[in-house]
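Asker: 3D model of this:
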Amino acid sequence: MKNQVAIVTGASRGIGNAIALRLAAEGARLVLCGRDRALLDAAAAKMETAHVVALDQRLPDAGQRIVDEALAAFGGIDIVVNNAGATKRGDFETLTEEDWQDGYALKMFGAVRLTRAAWPHLRKSGGAVVNIAGSGGRTPGAQFTIGGSVNAALLSFTKALADLGLRDGIQVNCINPGPVKTARFDKRLAMTAEEHGVGTEEALAIFIREEKISKVGEPEDIAGLVAFLLSPHGRLLHGSLIDADGGSTKTI
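Answerer: Numbers count the residues shown, from 1 in each chain. Model prediction:
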């Protein structure tokens, strides 16, 4: 990926940060997007060539602003990784209209707007799009009505976009992470520990057993998969919806 320009959203922490670091290690020039400039600046300091774009991607003009800054900084775009967006868990009857609007505004519409703005430049470079959705898009749950719906929409968006990518020479794929050790997962683990009256290590074992998975992933696991998709070895994958979830997805 030497000198390729990669936009990564939600790059200030967790999976997005790991993806950005991995692509930088592969030689890419990074455009790091998120809302926390201090965290983005700290991430950029670990990379040879990176440009920070601190904004709220829920805003309608955010996608075009990111593309404009990428072009001004590096002159082109080769890769877009749509990773930003966390949705609220909770009982369906207590989730508000604002919760639903917010869930779609960042993860779905943020991805749509950025991809639409970047598409002409990806066409020119023969580039690639990787969407980061989630296992809830295939296996919804009662506490994840917003997230499951948004992720399912991203899966459909990926398939439709991949069909367009055949015409325009742009690779499009999607990864569905399961539970991954991020700050957000730490909160779920703390709840499990409190519920069972145990320590963190035992709570993790209980979580794995109850979720019927082989393990909880690391952000670097997803980053490695993104790097493979974008490498010459991953070019056969197109329109793929890849479950990286320790076996939590049981459906065909």
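
Asker: quick one: the helices in the stretch 1-150 of the chain?
Answerer: Along the stretch 1-150 of the chain, the stretches classed as helices by DSSP state H, counting those that start in this stretch are 14-25, 37-44, 62-74, 97-107, 109-125, 145-168.

Asker: could you redo those helices as CSV and give each row distance to G246?
Answerer: Just so you know, the C-beta spots here come from the backbone N, C-alpha and C atoms, and that holds for glycine as well. Compiled in CSV, those are given as follows (distance: least, CB to CB, whole Å):
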stretch, distance to G246
helix 14-25, 15
helix 37-44, 26
helix 62-74, 32
helix 97-107, 22
helix 109-125, 24
helix 145-168, 16
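
Asker: Out of these, indicate the one that is most buried.
Answerer: Highest mean neighbour count of these: helix 14-25, a mean of 24 (counted as mean count of other CB atoms under 10 Å).

Asker: circling back to that earlier point, and of the helices of the stretch 1-150 of the chain, who's closest to L189?
Answerer: helix 14-25 (14.3 Å; CB to CB).

Asker: Just the angle for the closest one relative to helix 37-44, thanks.
Answerer: 40 degrees (axes from the mean of the first three to the mean of the last three CA atoms, to 10 degrees).

Asker: avg pLDDT for helix 14-25?
Answerer: Within the predicted structure, the mean pLDDT of helix 14-25 is 97.

Asker: now stretch 209-226
Answerer: 96.

Asker: export it as CSV, just CAs?
Answerer: The C-alpha trace of stretch 209-226 is given here as CSV (Å, rounded to 0.1, in the frame of the first residue of the first chain):
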residue,chain,number,x,y,z
ARG,A,209,-19.5,-19.3,27.3
GLU,A,210,-22.9,-17.4,27.2
GLU,A,211,-22.3,-15.9,23.8
LYS,A,212,-21.2,-19.3,22.4
ILE,A,213,-18.0,-18.0,20.8
SER,A,214,-14.4,-19.2,20.6
LYS,A,215,-13.0,-15.9,21.9
VAL,A,216,-13.3,-12.2,22.1
GLY,A,217,-11.4,-10.5,19.3
GLU,A,218,-8.7,-7.8,19.4
PRO,A,219,-8.9,-4.6,17.3
GLU,A,220,-5.8,-5.8,15.5
ASP,A,221,-7.6,-8.9,14.3
ILE,A,222,-10.0,-6.8,12.3
ALA,A,223,-7.2,-4.5,11.2
GLY,A,224,-5.3,-7.5,9.8
LEU,A,225,-8.3,-8.6,7.9
VAL,A,226,-8.7,-5.2,6.4
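
Asker: that older thread, for the helices of the stretch 1-150 of the chain, which one sits closest to E202?
Answerer: Among the helices of the stretch 1-150 of the chain, helix 14-25 sits nearest to E202 (CB to CB), with 23.9 Å.
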